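>>> This is a predicted model, with the sequence first.
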Amino acid sequence: MSKQVLRSGTSIGANLKEAMRGQSRADFCSKVNISLKEASETEYWLELLYRTDYITKTQYDSIHGDCIELIKLLTSIIKSTRGDIDP
């Protein structure tokens with residue numbers, strides 16, 4: 001499970017790096033959306049690691065909090081890029 005966290009967690013950054021070189025707004029948004037999916041998957045693996053006692057509550061709370069903030073940030077980027085922000 002920890003290898004899954006490493007894989008999905010590092011994929012977030014790789015896709016964001018690729019998004020920075022997006023060929024269009026749609027391409028950029030697509031890559032950021034992939035990062036969001038990977039962040040969501042990372043959250044899942046973190047929950048499993050915690051529920052199976054591979055990580056402590058303190059470790060989980062710290063990492064999970066960062067993951068949630070990243071999900072919120074990526075969601076905001078997608079919405080603002082698409083123009084979906086409510087006034």
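Sure thing, it's come through.

>>> so who does the most centrally placed residue in the chain touch?
Ranked by distance to the mean C-alpha position of the chain (CA atoms, centre = their mean), the top residue is residue 39 at 2.2 Å. The contact partners of residue 39, by CB atoms under 8 Å, 6 or more residues apart in numbering, come to 8, 12, 67, 70-71, 74. Where you see a C-beta, it was placed from the backbone N, CA and C, and this is true even at glycine.

>>> In whichever strand or helix holds it, which residues are buried?
Assignment of secondary structure by DSSP states H and E places residue 39 within helix 25-51. When neighbours are counted by 16 or more other CB atoms under 10 Å, the buried residues of helix 25-51 are found to be 28-36, 38-39, 41-43, 45-46, 49-50.

>>> now stretch 59-71
Neighbour-count burial for stretch 59-71, with 16+ other CB under 10 Å as criterion, is recorded at 60, 63-64, 67, 70-71.

>>> can you list the contacts of residue 39 in JSON lines and add secondary structure, distance to residue 18 and pLDDT?
Formatted as JSON lines, the contacts of residue 39 follow (DSSP: H, G, I helix; E, B strand; the rest coil; distance: CB to CB, whole Å; pLDDT from 0 to 100):
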{"residue": "8", "secondary structure": "helix", "distance to residue 18": "15", "pLDDT": "93"}
{"residue": "12", "secondary structure": "helix", "distance to residue 18": "11", "pLDDT": "95"}
{"residue": "67", "secondary structure": "helix", "distance to residue 18": "20", "pLDDT": "96"}
{"residue": "70", "secondary structure": "helix", "distance to residue 18": "17", "pLDDT": "96"}
{"residue": "71", "secondary structure": "helix", "distance to residue 18": "19", "pLDDT": "97"}
{"residue": "74", "secondary structure": "helix", "distance to residue 18": "14", "pLDDT": "97"}
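
>>> Mind putting those residues into TSV with distance to residue 2?
What follows is the contacts of residue 39, written out as TSV (distance: CB to CB, whole Å):
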residue	distance to residue 2
8	11
12	16
67	14
70	18
71	20
74	23
